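> Give me a 3D structure for the following:
(chains A and B)
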Amino acid sequence: MSTSTISKESSQAPIQAPENTHASRLRRDRRHGWGFMAPFLAFFAVFLIWPLIYGVYMSFTGKSLTGANGSFVGFANYVEALGDADMWHSMGNTLYFTVISTVPLVVVALAMAALVNMGLPAQWLWRLSFFAPYLLASTVVSLFFVWMYNPQLGLINELLGKVGIAPVDWLNNPEVAMWSIVIATLWWTVGFNFLLYLAAMQNIPQSHYEAAQLDGAGGWRQFFSITLPQINPTTIMIVILQVLASLKVFDQVYQMTAGGPAGSTRSVVQYIFETGFTGYRLGYSAAISYIFFAIIVVVSISQFVLTRKRSA
Amino acid sequence: MALSTLTSRASTTSAASKPPTLRRRKRISASRVAATVIVAVLSITWLIPFAWATITAFKSETEAAATPITIVPKSGFTFGAFAKVLQQGNIPQWTWNSLFTSAAITIITLVISTLAAYALSRIDFKGRKVMMTVIVASLIVPPPVLIIPLFYQMVSFHMIDAYWGIILPQVIAPAMVFVLKKFFDQIPRELEDAALVDGAGRIRIFWQVVLPLSRPILAAVAIFVFIGAWNNFLWPFIVTNDSSMLTLPVGLQTIKSAYGIQYAQNMASALLAALPLIVVFLFFQRQIIKGISTTGLAGT
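As a prediction, the model looks like this:
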């Protein structure tokens, strides 16, 4: 079908020149423009713009889940939140998780992709095993890992015992719990970054490597002077997206430790959830949401500025 | 910048997906062997959680909780845990809830995003630039920030414990609008102009010229949206309470507390929940991987 349109077009092309033809009118048609936009805009307005605005309003009220006391309280919620040690603790946990999860999620993904891209046999098998966990719901991942982390019956302590390492209390030791969650998260989502890296590496023109080989560059040399620079834009994007994803962490933490022990793994999103739905304080919870939002905006903008500078 | 690198890559990914590296690396076979060993060890490690869950799920509860740990239980493997979970749990109902809501989210997202993306790509309507800016800006809004006001809104819409309450807030995907817009930008305008000269209207052009050319990208976006919706936890968790309305991921969370320390049943439930997407993945591996590589950077 498309070939017939092309040939028709070429024979009629010269007639198109004058303005105000059917075609040029249609191209600027306002009605159609808004008509095509309308369904998306309707959802966008009702389920994104409106809650975003309404949430700001809520954060200035004492609204609660029971409906009582919806009165205007000014900045009281924000003032309280900024002095709330639990909020800062959860904020700190979130940042800690973001740092210690982003590094392995990028580095391990890069290593996996680089290894698989060396032209190994059975590519589909490696892709399958690294990527399959990404298809699981967070609850499934949490069930798997809570079971493997079990201090007495868990597979991991059993295996460690075989090589003479003392059992670890993976999820109940405040020093260890966050790392246990990072390990589970790494297993769960690294396959996604791995796929993005692999796609980027497979797009590097083969001629680059051939030229380097003629110059006598070895495998490591080729990786550092060809592969890494070529996939730099991908690395920047993966890091940015990973930081933003990690800042939003909630599911696996809530499911594996419920924020414990002693609040040592509780993330901001969990704190928002708890103040709103367990503590019934929707207004206060909204205020924390917007403080969190402000931090995300600052992080996003600084990442953007940093990468701009580096690539300039 | 990011989006343009993404889509230009997307169009070439499929062509390059077969590794052209074989010829180059044949010579340094020692390092290839080493790499194969490392990758093999890594992927075995990556398969352990699946394997262990499967082994546990086929044990009896007593065997699952027995020390020292055995790989092959003395009393043999059994379907008992699966049978029990399917009998007493709501897993079939939750699977249906997940399937229905994820399918609805995918369809609605696909329709509204495609229409919007087409307008943004092709029609010079007044206000287009403003729309673009607003939609780009909205990418920065993290969904968890909206749960409190959205929940309040759902209460007043009477959409708590309702399918629409799960579905509607999940259909806005600005990132997917951009993926689609970038794709439409690459379709030669001449194809449409020819139809325009013939007197075809916008809708006919969209339907007969643009959509048939866009099948691969539509499939990629659909896959990406579906996986995200199927696995979403936070929003369905907030907006449902009634056990018969839960989606699979949320339902599993309640199982964990209800069954207590029934390890075999926990693993059987987890595997049953994982099964649908794993099966789909085994069948459509190439399309899914292509879809993720295509839409991945813009999404999440």
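> Quick one: low-confidence residue ranges for the stretch 201-300 of chain B.
B:256-260, B:296-300 (pLDDT under 70).
> At which residues are the helices of it located?
With helices called from DSSP state H, counting those that start in this stretch, the stretch 201-300 of chain B shows them at B:202-205, B:211-213, B:215-231, B:234-239, B:248-259, B:263-283, B:285-295.
> do the same with the stretch 51-200 of chain B
B:61-64, B:80-88, B:91-122, B:128-138, B:143-156, B:163-167, B:174-186, B:189-197.
> any chance of those helices in JSON lines, plus distance to chain A, mean neighbour count and mean pLDDT?
Every residue, glycine included, has its C-beta placed from N, CA and C. JSON lines is the format used below for these (distance: least, CB to the nearest CB, whole Å; neighbours: other CB atoms under 10 Å in any protein chain shown; pLDDT from 0 to 100):
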{"stretch": "helix B:61-64", "distance to chain A": "8", "mean neighbour count": "18", "mean pLDDT": "82"}
{"stretch": "helix B:80-88", "distance to chain A": "12", "mean neighbour count": "16", "mean pLDDT": "85"}
{"stretch": "helix B:91-122", "distance to chain A": "4", "mean neighbour count": "21", "mean pLDDT": "95"}
{"stretch": "helix B:128-138", "distance to chain A": "6", "mean neighbour count": "14", "mean pLDDT": "91"}
{"stretch": "helix B:143-156", "distance to chain A": "4", "mean neighbour count": "21", "mean pLDDT": "92"}
{"stretch": "helix B:163-167", "distance to chain A": "10", "mean neighbour count": "21", "mean pLDDT": "95"}
{"stretch": "helix B:174-186", "distance to chain A": "7", "mean neighbour count": "22", "mean pLDDT": "91"}
{"stretch": "helix B:189-197", "distance to chain A": "3", "mean neighbour count": "19", "mean pLDDT": "80"}
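> pLDDT value on residue B:68, please?
With respect to pLDDT, residue B:68 scores 78.
> Look up how far residue B:217 lies from the closest residue to it other than its chain neighbours.
In space, and not counting its chain neighbours, residue B:68 is closest to residue A:158: 7.4 Å by CB to CB, 6 or more residues apart in numbering or on different chains. According to CB to CB, to the nearest Å, residue A:158 and residue B:217 sit 47 Å apart.
> okay, these two: which has more neighbours?
Using other CB atoms under 10 Å in any protein chain shown as the criterion, residue A:158 and residue B:217 rank with residue B:217 on top: 24 against 16.
> re earlier: the residue nearest to residue B:68 contacts residue B:69, doesn't it?
Yes. With contacts counted by CB atoms under 8 Å, residue A:158 reaches residue B:69, the gap being 4.9 Å.
> burial count for residue A:170?
24.
> Identify the residue of chain A closest to chain B, quick one.
Residue of chain A nearest chain B, by CB to the nearest CB: residue A:33 (2.3 Å).
> Show the contacting residues for residue B:35.
A:115, A:118, A:120 (CB atoms under 8 Å, 6 or more residues apart in numbering or on different chains).
> Give me the phi and psi for the last one.
Spelled out, that is residue A:120. Phi and psi for residue A:120, reported as degrees, to the nearest 10, are phi -70, psi 160.
> Give me the distance between the spatially closest residue to it that is not a sequence neighbour and residue A:123.
Nearest non-adjacent residue to residue A:120, counting by CB to CB, 6+ apart: residue B:36, 5.3 Å away. Separation of residue B:36 from residue A:123 (CB to CB): 11 Å.
> again with residue A:173
Residue A:173 is 39 Å from residue A:123, by CB to CB.
> Repeat that for residue A:206.
Residue A:206 is 16 Å from residue A:123, by CB to CB.
> what about the two, which has more around it?
Counted by other CB under 10 Å, residue A:206 and residue A:123 do not tie: residue A:123 has more neighbours, with 16 against 12.
> Kindly provide the distance from the more buried one to residue B:289.
In terms of CB to CB, residue A:123 sits 10 Å off from residue B:289.
> And for residue A:297?
33 Å.
> Between these two, which has more neighbouring residues?
Comparing residue A:297 with residue B:289 by other CB under 10 Å, the one with more neighbours is residue B:289, at 24 against 13.
> tell me the contacts of that one?
Here residue B:289 is in contact with A:127, A:131, A:195 (criterion: CB under 8 Å, 6+ apart).
> Residue A:48 too?
B:138, B:141, B:146, B:172.
> what does residue A:295 give?
Residues in contact with residue A:295, defined by CB under 8 Å, 6+ apart, are A:91, A:247.
> Find the closest residue to chain A in the stretch 101-250 of chain B.
Counting by CB to the nearest CB, the stretch 101-250 of chain B gets nearest chain A through residue B:125, at 2.3 Å.
> so what's that residue closest to, chain neighbours aside?
The spatial neighbour of residue B:125 that comes closest, neighbours along the chain excluded (CB to CB, 6+ apart), is residue A:33 at 2.3 Å.
> circling back: ok so the residue nearest to residue A:120 is a helix residue?
Yes. Checked against DSSP: H, G, I helix; E, B strand; the rest coil, residue B:36 lies within a helix.
> by how many degrees do the host helix or strand of residue B:47 and helix B:80-88 diverge?
Per DSSP states H and E, residue B:47 falls inside helix B:29-57. Using axes from the mean of the first three to the mean of the last three CA atoms, to 10 degrees, the direction of helix B:29-57 lies 60 degrees away from that of helix B:80-88.
> And the average pLDDT for helix B:29-57 is what?
90.
> Just the buried residues of it, please?
Buried residues in helix B:29-57, counted by 16 or more other CB atoms under 10 Å in any protein chain shown: B:32, B:35-36, B:39, B:42-43, B:46, B:48-50, B:52-53, B:55-57.
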